[in-house]
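**Q** turn this into a structure:
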Amino acid sequence: MHEKEFNLDEIDEFELDREYQKRVIERERKFFEELKTENEVFDKRTLMILFSLLAGKHIDEFIGVISSGKEAVVFSAKKGRRYRAVKIYRVATCDFKTMHKYIQGDPRFHLRKSSRRQIIHAWVEKEFRNLRRAGEVVNAPKAILRRENVLVMELVGKRGVPAPRLKDVEVDYEKFYEIITRDMKKLYCEAELVHGDLSEYNILVKDDKPVYIDFSQSVVTQHPLSKALLIRDVKNICNFFKRKGVDCDYRELYEYITGEKLHPIDEEIAQL
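**A** Model (predicted):
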């Protein structure tokens, strides 16, 4: 008799939990329905992944859109008292040829097929691993979980408000140049990683320190594109800080990071 009562309690708890999940998912379904008016329409499979994050209690609620582009949209979300950034790649509009090129040369991945979904799953896995790797040596969002074309990360900011980009705030540019170039060297020498798209647009400023985001295109130093991408990074960084009055040279920065002089042939290849 006692055992039966225990089982009934378990059933009641299960029913309550299921009802709670149903209410949460219904609320979020309405949220995503409203996004249709803003052209943020996702395929059914992606919606099911987002709902599974709610049902699995990885996310309590989605709050709103942080950024939206051709290839991905980033939502702010909440889990308990912590805020998350949920990056969702658009399966229908991603540049799969470019993605395949970046993945194919990465020794961590071996694509047997080249289906759209397989490529994008590998792309999200690559960004997840890159964030973990980068976070060991520099300030970067903590990667929490990934599911197919969805990546959940720590939201960099305060009380759910994203931190501003470097391009949008005034800082001590001499100080920031020193920190950023030192971090680029750490990424290259310690994490053996090249960001690949580093600029004032994907460096956030929090607590007067740079935080690096968007590591999807980042490559390991063994990748055949690593030198070309590093050259692009050092040029972007030097061009920005030169406009802010900092005396810098991308060739010197390249040599500081790698310990090697920039070869003219590598620079020509980087421009292709």
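**Q** check the burial of Ile59 by counting its neighbours.
**A** Residues within reach of Ile59, counting by other CB atoms under 10 Å, total 23. Quick note: C-beta positions are derived from backbone N, CA and C, even for glycine.
**Q** again, but for Asp247
**A** Quick note: Asp247 (other CB under 10 Å) scores 9 neighbours.
**Q** name the element it belongs to?
**A** Under the criterion DSSP states H and E, no helix or strand holds Asp247.
**Q** now the strands for the chain?
**A** 61-68, 72-79, 82-89, 143-147, 150-154, 157-158, 161-162, 193-194, 203-206, 209-212, 219-220 (DSSP state E).
**Q** ok, now which ones touch Arg117?
**A** 91, 148-149 (CB atoms under 8 Å, 6 or more residues apart in numbering).
**Q** hmm, which of those residues is lowest in pLDDT?
**A** Lowest-confidence member of the contacts of Arg117: Val91, scoring 83 (pLDDT).
**Q** could you check how far that one is from Arg112?
**A** According to CB to CB, to the nearest Å, Val91 stands 19 Å off from Arg112.
**Q** wait, which of the contacts of Arg117 is closest to Ala72?
**A** Ala72 lies nearest to Asn149 out of these, by CB to CB, at 8.7 Å.
**Q** which residues of the stretch 51-200 of the chain fall in helices?
**A** Assigned by DSSP state H, counting those that start in this stretch, the stretch 51-200 of the chain shows helices spanning 96-104, 116-135, 173-189.
**Q** how about the longest one as PDB, C-alpha atoms only?
**A** This points to helix 116-135. What follows is helix 116-135, C-alpha atoms only, in PDB (Å, rounded to 0.1, in the frame of the first residue of the first chain):
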ATOM      1  CA  ARG A 116      23.600  21.000 -45.900                       C
ATOM      2  CA  ARG A 117      22.700  19.800 -42.400                       C
ATOM      3  CA  GLN A 118      25.900  17.800 -41.900                       C
ATOM      4  CA  ILE A 119      28.000  20.800 -42.800                       C
ATOM      5  CA  ILE A 120      26.100  23.200 -40.500                       C
ATOM      6  CA  HIS A 121      26.200  20.700 -37.700                       C
ATOM      7  CA  ALA A 122      30.000  20.500 -38.100                       C
ATOM      8  CA  TRP A 123      30.100  24.300 -38.300                       C
ATOM      9  CA  VAL A 124      28.300  24.700 -34.900                       C
ATOM     10  CA  GLU A 125      30.500  22.000 -33.400                       C
ATOM     11  CA  LYS A 126      33.600  23.800 -34.600                       C
ATOM     12  CA  GLU A 127      32.400  27.100 -33.100                       C
ATOM     13  CA  PHE A 128      31.600  25.300 -29.800                       C
ATOM     14  CA  ARG A 129      35.100  23.800 -29.700                       C
ATOM     15  CA  ASN A 130      36.700  27.100 -30.700                       C
ATOM     16  CA  LEU A 131      35.000  29.000 -27.900                       C
ATOM     17  CA  ARG A 132      36.000  26.400 -25.400                       C
ATOM     18  CA  ARG A 133      39.600  26.500 -26.700                       C
ATOM     19  CA  ALA A 134      39.800  30.300 -26.800                       C
ATOM     20  CA  GLY A 135      38.200  30.700 -23.400                       C
END
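**Q** quick one: average pLDDT of it?
**A** Here the average pLDDT along helix 116-135 is 94.
**Q** ok, the shortest one next?
**A** Per-residue pLDDT over helix 96-104 has a mean of 87.
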